[in-house]
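Undergrad: The following comprises the amino acid sequence and a computationally predicted model.
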Amino acid sequence: MKSALRATGLKPPPKHAPKRLATTGDVVKLQRLMTHILVRPLTKDDGLQPTWIDGRPMTEVADEFIKPNDRLTAFDRLQLYNRMYWFRLIDIMHDDNPGLRAVLGDRKFTRLVEAYIAKYPSRSFTLRNLCERLPQFIREEPEWTAPHTALALAVTRFEWAQTVAFDGEQRPVLSPAAIARTPPGRLRLSLQPYVSLLALDFPVDDYVTAVKQRDALRTAASNTVDRARKLTRIKRVTKPRRRRIYVAVHRLENRLYYKRLERPAFLMLQAIAAGQALGAAVTAGGRRVKPEQVSGWFTSWMGLGWLCPRK
């Protein structure tokens, strides 16, 4: 595994576990050692690596800070935590990326996930952020998704945007009166943090929706007596052909939505998000945009609660 021993952003572990926890520094060293052991990839048999990064037997390392009991050795007890870390994270990524799984297939998807977690181990108190750097990883190491890297990247960006939309921050909505009080040349708005604007090379919104519908049918079919016959009726979801789309991923009344955008509308929203004054943002849509189009778009965005005051 190319990324297996190069976890990004972690300080090197201590050479040995502290003999006793006398200071805060001792606790930090022990935590760092434990972290590095947990994030080490499992063996092919889903076990703890038999040797430590310095070549010592892992049994020797485990004995330094783990006590055996009447059923398990220190190595066995440490292996339980190593397995739980990996199995839990793989399950989370499996559930959060149904579209990417469909693009790659289960085996290739699992290899991608293992390489990703090895390079970018969880650094947050919440598993919500686990997939945040997955688009970046696919760009950095496209061999895990070849020959469907472009589609995989588009799907991954779309699926991460759903996570952002689900529980991203919501700010007070901008009122029409607040807009009317400031000249367009000086008025700067902002988009709600939970809104993601995506320019994608594939219609992945339709694709991911179809994958989820297929998975739901499979689940329903698996609970029936006629399971085998019903499963054969479920059609395979065809990978989408390349086509440029612009989409906003957002939420409304605690439900996720995807909204296709015309390119001028996308450019305006992008300019608003970048902090441009309202007049400049409208101009970003291009000369062919008619005033009634702009009025209709802003009415829709205001109704959806996308626009908020700039901090």
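TA: Nice, thanks for sending it over. Residues are numbered from 1 along each chain as shown.

Undergrad: got the phi/psi numbers for Tyr81?
TA: Here is the backbone geometry of Tyr81 (degrees, to the nearest 10): phi -70, psi -40.

Undergrad: Tell me the spatial nearest neighbour of it, not counting adjacent residues.
TA: Spatially, and ignoring its direct neighbours in sequence, Tyr81 is nearest to Leu38 (6.0 Å; CB to CB, 6 or more residues apart in numbering). (C-beta placed from N, C-alpha, C; glycine too.)

Undergrad: And the pLDDT for that neighbour?
TA: Note on Leu38: pLDDT of 93.

Undergrad: Is my assumption valid that it occupies a position in a helix?
TA: Yes: note on Leu38: a helix contains this position according to DSSP: H, G, I helix; E, B strand; the rest coil.

Undergrad: Can you tell me how far it is from Leu78?
TA: 9 Å (CB to CB, to the nearest Å).

Undergrad: More neighbours: which of those two?
TA: Leu78 (22 against 17; other CB atoms under 10 Å).

Undergrad: and that one, helix, strand or coil?
TA: helix.

Undergrad: Find the residue ranges of the stretch 101-250 of the chain scoring beneath the pLDDT cut-off.
TA: 219-235 (pLDDT under 70).

Undergrad: again, 90 this time
TA: For the stretch 101-250 of the chain, residues meeting the criterion pLDDT under 90 lie at 122-125, 174-187, 215-236.

Undergrad: Surely the residue nearest to Tyr81 and Gln79 touch.
TA: No: Leu38 lies out of contact with Gln79 (CB atoms under 8 Å); the separation is 10.6 Å.

Undergrad: quick one: Arg241 is in a strand?
TA: No: counting by three-state DSSP, Arg241 falls outside a strand, being coil.

Undergrad: In the stretch 1-150 of the chain, what residue spans correspond to helices?
TA: Secondary structure of the stretch 1-150 of the chain (DSSP state H, counting those that start in this stretch): helices at 24-39, 58-63, 74-96, 98-104, 106-119, 134-140, 149-167.

Undergrad: quick check: angle from the strand ranked longest in the chain to helix 149-167?
TA: Counting by DSSP state E, the longest strand found in the chain is strand 245-252. Strand 245-252 runs at 20 degrees relative to helix 149-167, counting by axes from the mean of the first three to the mean of the last three CA atoms, to 10 degrees.

Undergrad: Strand partners (parallel or antiparallel) of strand 245-252?
TA: Strands that pair with strand 245-252, judged by DSSP bridges, come out as strand 196-200 (antiparallel), strand 255-260 (antiparallel).
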